[in-house]
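Asks: Next come a sequence and a model predicted from it.
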Amino acid sequence: MDIISQLQEQVNLIANLAFNTIGTLQRDAPPNRISPNYPEPPAQPTEDGTTFSEQPKLMSTGLVKAAKQFDALVAALPIAEGGEEAQLKRIAELQAENDAIGQELQKQLEAAEKELHQVQELFSQASDNCLNLKKPDVN
Amino acid sequence: MATATYPPPPPYYRLYKDYLQNPDSAPEPPPPIEGTYVCFGANYTTSDVLPSLEEQGVRQLYSKGPNIDFKKELRSLNAELQLHILELADILIERPSQYARRVEEISTVFKNLHHLLNSLRPHQARATLIHILELQIQRRKQAVEDIKRRREEARSLLKEALTILDGQ
């Protein structure tokens, strides 16, 4: 996949991780003690699977890793300095060079075809002479 | 279960009865559409240009200007995004009813990120074009060299044949 698509995928991945993190923490957080008038909230039974206190750490490491990956991808962007005008200038140069080479290729091709015809002509003459058992022409 | 047959071909096929004998007897195809057109009740436009952020009503966070340093802006937007996520987590702990503004700011950062990446696409297209042109020039040079070489070989073979014939 090309690098800009990879960058876009990485941005979407960071978005997914962000709302998964916030959503999970919000859904699973144990109740908090707000006012000293009321007693401590009853302790919740331990969750099945990963303990709740480890989840923020796991998810935040995932987020930070995704962000670092994004930075690494940005560093790998092959953007040459100069912007649009430099690119357009280079394209014009390459087009001119391409045309010149194309002309030369055309010339070479025509010369080669002419020589091919000459050789074919000579060959047909030589083979005719062979068939008629005459002495071969020297030209 | 009822099945429907395919719709019949458009009735103006009869106008092209003598097309093979006389191509001018049949009407020309319609010219290509320019500008905006309506298709199945929706409006479409023929020029596909990326609309700027202001047109979409989103605040632009990265610096404007003729030449944007994409890498720097992308990195700073990434850092700002992380900061906003942290702020959201903090605000959910202390003042949970004020989450809406933070969420809106996070979505603005995301929209800016995607807009920046989309505006890199024309650059990528031009770079691809440059690459293709370079490849084509290289192939043509190779072809010229090959033809020259073959012609030389053929010429030397003919000379050799000539000297052999002269020797007899």
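Replies: Cool, got the structure.

Asks: Report the central residue of chain B.
Replies: Averaging the C-alpha coordinates of chain B gives a centre point, and the residue nearest to it by C-alpha atoms, centre = their mean is residue B:125 (6.2 Å).

Asks: pLDDT score for that residue?
Replies: Note on residue B:125: pLDDT of 90.

Asks: name the element it belongs to?
Replies: Element membership of residue B:125, judged by DSSP states H and E, is helix B:121-167.

Asks: For that helix, name the packing helices and strands.
Replies: Applying 3 or more C-beta pairs under 8 Å, 6 or more residues apart in numbering or on different chains; DSSP states H and E, one finds that helix B:121-167 contacts helix A:83-132. All C-beta atoms are positioned from the backbone trio N, CA, C, and that covers glycine.

Asks: any low-confidence regions in chain B?
Replies: B:1, B:53-55, B:66-67 (pLDDT under 70).

Asks: which residues of it fall in strands?
Replies: Per DSSP state E, chain B carries strands over the ranges B:36-39, B:42-45.

Asks: so where's chain A uncertain?
Replies: Scanning chain A for pLDDT under 70 picks out the ranges A:41-50, A:80-82, A:134-139.

Asks: Excluding residues flanking it in the chain, which one is nearest residue A:6?
Replies: Using C-beta to C-beta, 6 or more residues apart in numbering or on different chains and skipping the chain neighbours, the partner closest in space to residue A:6 is residue A:73 (5.8 Å).

Asks: Backbone torsions only: list them for that neighbour.
Replies: According to degrees, to the nearest 10, the main-chain angles of residue A:73 amount to phi -60, psi -40.

Asks: residues contacting it?
Replies: By C-beta atoms under 8 Å, 6 or more residues apart in numbering or on different chains, the contact list for residue A:73 reads A:3, A:6, A:7, A:10.

Asks: same question, residue A:52
Replies: A:28, A:29, A:30.

Asks: of those, closest to chain B?
Replies: Among those, residue A:29 lies closest to chain B (C-beta to the nearest C-beta), at 9.1 Å.

Asks: That closest one: how many residues sit nearby?
Replies: Residue A:29 has 13 neighbouring residues, counting by other C-beta atoms under 10 Å in any protein chain shown.

Asks: Identify the residues contacting it.
Replies: residue A:52.

Asks: and residue A:62, how far is that from residue A:18?
Replies: Distance, residue A:62 to residue A:18, by C-beta to C-beta, to the nearest Å: 10 Å.

Asks: Quick check on the two: which one has the bigger neighbour count.
Replies: Neighbours were counted for residue A:62 and for residue A:18 using other C-beta under 10 Å; residue A:18 has more, 22 against 15.

Asks: Good, wrapping up.
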